[in-house]
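>>> Sharing a sequence plus its predicted fold:
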Amino acid sequence: MIGSIIRASIRNRVIVLMAAVMLTLGGIWALKETPVDAIPDLSDVQVIIKTPYDGQAPQVIEDQVTYPIATAMLSVPDVIDVRGFSFYGDSYVYVVFKDSTDLYWARSRVLEYLAQVGAQLPEGVTPELGPDATGVGWIFQYALIDRTGQHDLAQLRSLQDWWLKYELQTVSGVSEVATIGGMVKQYQVVVDPNKLRAYGVTLPALMSTIQNANRETSGSVIEMAEAEYMVRATGYIQSIEDLEQIPIKVNERGAALTLSDVADIRLGPQMRRGVADLNGEGDSVGAVVIMRWGENPLRTLEGVHAKLEELKPNLPEGVEIVTTYDRAGVIERAIDNLTTKLSEEFLVVVLVCAVFLLHLRSSLVILISLPLGILTALLVMRLQGVNANIMSLGGIAIAIGAMVDAAIVMIEAMHRRLEKEPKPDKNRWKIVAECCSEVGPALFYSLAIITISFLPVFVLEAQEGRLFKPLAFTKTYAMAAASILSITLVPVLMGYFVRGHIHPEAKNPVNRLCIALYRPALAGVIAWPKTTIIFALVLVASILVPLNRIGSEFMPELKEGDFLYMPSLYTGVSIGKAREVLQQTDRMIMQVPEVKTVHGKLGRAETATDPAPLTMFETTI
């Protein structure tokens, strides 16, 4: 069967070459379109439900919010785990699905079951889904500062929340822009309880009065002078004076009791559960750009960079954006490093073939078939949806050595045959067919065995499967492509490139040197078989010594150029003291000469993907 395929490929060599060209174009397309990242995403398929309940203690939130939502999510199809966390003012419920579940199908199912829980929750409490992203989606981080002192933290926070955030969310691939730190300006009504008692006003009545005074309404339309006018009552609060003049009630003499009579009204910061610091210089406003699940990180980052450059000229005077984390650098360095290593492997393979065969044109067979096999693997990766990262591309790097085995053996077999042929040009394609048919079946099945050697990796599940399956996929694809090319394209290329003067193996000085070194060693091990076996067993047993002392790590070491420093404080520490420790820590880190920026975060950002408590630091260095 394999021989028939080889002979059919040689007879239809034009079709084979055209198919190779089409495969090359498809591989180039896949190379440009495949999402590229530095690290694999090991996150579960999960949907996050965040429910704000301002001012409430964790136990109250646990009983009234987290427990009803978590129990309702247990009956969602394909759910394998439900985890609930209750913090001061916030509830987080993580609904984890099976690995094969589509994320957006899972989000729609969670929304359906959330609609059934609404009646069980306290009045005014509304659950909301987190972004369609994972923790690995934190691809860009920046700080917004004003070194001139013209803008305070509240103004910088307003600039971030009402302008920068919405502009960056328009970038393709961005799921959310989460604000960190700063002050949210709010009107604060400080009630005097003695005055409330004296005037006979209850606190719920006072809150209802303020809510009713801060609204607008319409009164239909009226027609005058052949024109139609819309009737509208404007009542949104615009200043402290508007709040002070809100009437609460009227006494028996007709005098109005206003809000300023029973309360002190002022501007102040909203209570916050997150603080940001830049370089230990004090509070700052920052944000994290979170990428949508399944998007191309490098392309998304390019869009973020372009959008920021477009927005910078429109920033207020003195305000600047400082980048504190950018994954584009590590992605580009990882891809450049892998590309360099692959190029070096190509060069080594070609040089080794040229040295041992003394025929440079024969090396062109490998130089063409090897990249085509890699492009084929990339094409299948793109069609399957496997991202290009250090693990998936590492599978290709592992497979390169074995991918060229069949081509090398076929070329050497043809060299030996051409050494004995007086006039090889007359029946060249016949010689190619005979040589390839002779060694091709054995080579094809040997490559097929190597191809299926990684099949046990495909039974891994959870995080182990998500880490190692991309490597197994790409290695399998690359070896399968090499197997198919070895019996289709390689014989055709051999007929075109293996021409000219062929040097006999006995006249090659490199081959003679290798044979001179190899034959005595071979004779020795054959003469002393028991000693050879004992030596091999001792060598294998010696592996136990370093195996017991070597360390282990789940993720491969990646010299990213950035560090994430995550200490924690004692439970119950105040936000003021935690903020002080954060700034002291950042100042100490900034004293290291190699450090460029230190962006410290205390507590959580304004996103469902960050449930960090107030005692946790996350300092990006």
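All right, it came through fine. Numbers count the residues shown, from 1 in each chain.
>>> Ala605 contacts Glu176, doesn't it?
No. Between Ala605 and Glu176 there is no contact under CB atoms under 8 Å: 9.8 Å. Where you see a C-beta, it was placed from the backbone N, CA and C, and this is true even at glycine.
>>> Pairing partners for the helix or strand hosting Tyr94, with directions?
Here Tyr94 sits within strand 90-97, counting by DSSP states H and E. Using DSSP bridges, the strands paired with strand 90-97 are strand 45-52 (antiparallel), strand 79-87 (antiparallel).
>>> Now do the helices in the stretch 51-200 of the chain.
58-61, 67-73, 103-117, 153-159, 165-168, 193-199 (DSSP state H, counting those that start in this stretch).
>>> need these in CSV with distance to Asn296, can you?
Output for the helices of the stretch 51-200 of the chain, formatted as CSV (distance: least, CB to CB, whole Å):
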stretch, distance to Asn296
helix 58-61, 38
helix 67-73, 31
helix 103-117, 16
helix 153-159, 29
helix 165-168, 17
helix 193-199, 58
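>>> so which of these gets nearest Ser86?
Among the helices of the stretch 51-200 of the chain, helix 58-61 comes nearest to Ser86, with 4.4 Å by CB to CB.
>>> The closest one packs against which elements?
strand 79-87 (3 or more CB pairs under 8 Å, 6 or more residues apart in numbering; DSSP states H and E).
>>> list the contacts for Cys436?
Ile6, Ile10, Met410, Ala413, Met414, Ile487, Val490, Pro491, Met494 (CB atoms under 8 Å, 6 or more residues apart in numbering).
>>> how does it look with 10 Å?
2-3, 5-7, 9-10, 406, 409-410, 413-414, 443, 486-487, 490-492, 494-495 (CB atoms under 10 Å, 6 or more residues apart in numbering).
>>> what's the closest non-adjacent residue to it?
Pro491 (4.3 Å; CB to CB, 6 or more residues apart in numbering).
>>> mind checking how far the one you found is from Val404?
15 Å (CB to CB, to the nearest Å).
>>> Then Ser220?
Ser220 is 82 Å from Val404, by CB to CB.
>>> And the two? Which one has more around it.
Val404 (26 against 7; other CB atoms under 10 Å).
>>> tell me the domain ranges of this protein?
What the record gives for the chain is the domain set 2-35+331-527, 45-129, 186-269, from automatic domain parsing.
>>> Out of these, which gets nearest to Ile534?
Nearest of the domains of the chain (CB to CB): domain 2-35+331-527, 11.8 Å.
>>> Sketch out the low-pLDDT regions of the chain for me.
421-426, 500-501, 505-506, 552-556 (pLDDT under 70).
>>> For Ile53, grab phi and psi.
One thing to correct before we go on: residue 53 is Tyr, not Ile. Main-chain torsions, Tyr53, degrees, to the nearest 10: phi -140, psi 80.
>>> oh, I was asking about Leu569
phi -100, psi 170.
>>> thought it was touching Ala612?
No. Using CB atoms under 10 Å, Leu569 makes no contact with Ala612, being 11.9 Å away.
>>> what do these two both touch?
Leu602.
>>> quick one: contacts for Val432?
6-7, 10, 13, 410, 414, 417-418, 424, 490-496, 498.
>>> could you redo the strands paired with strand 90-97 as JSON lines and give each row distance to Pro122?
Output for the strands paired with strand 90-97, formatted as JSON lines (distance: least, CB to CB, whole Å):
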{"stretch": "strand 45-52", "distance to Pro122": "10"}
{"stretch": "strand 79-87", "distance to Pro122": "14"}
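>>> Of all those, which one is nearest Ser542?
strand 79-87 (43.3 Å).
>>> now that closest one against helix 103-117, angle please.
60 degrees (axes from the mean of the first three to the mean of the last three CA atoms, to 10 degrees).
>>> Give me the buried positions along strand 79-87.
Under the neighbour-count criterion of 16 or more other CB atoms under 10 Å, strand 79-87 has Val79, Val82, Gly84, Phe85, Ser86, Phe87 buried.
>>> Equivalent analysis for stretch 111-123, please.
Quick answer for stretch 111-123 (16+ other CB under 10 Å): Tyr113, Leu114, Val117, Leu121.
>>> from the chain's centre, how far out does it sit?
32 Å (CA atoms, centre = their mean, to the nearest Å).
>>> In the stretch 501-621 of the chain, what residue spans correspond to helices?
509-527, 529-541, 544-549, 575-590.
>>> just the ones you listed: most buried one?
Of all these, helix 575-590 has the most neighbours on average by mean count of other CB atoms under 10 Å, namely a mean of 16.
>>> Check which helices and strands that one is in contact with.
strand 274-278, strand 564-565, strand 599-603, strand 617-620 (3 or more CB pairs under 10 Å, 6 or more residues apart in numbering; DSSP states H and E).
>>> For Pro52, find the nearest of the ones you listed.
strand 274-278 (13.5 Å).
>>> my guess is Ile2 meets Leu447, correct?
No. In this structure, Ile2 is not within contact of Leu447 by CB under 10 Å, at 11.2 Å.
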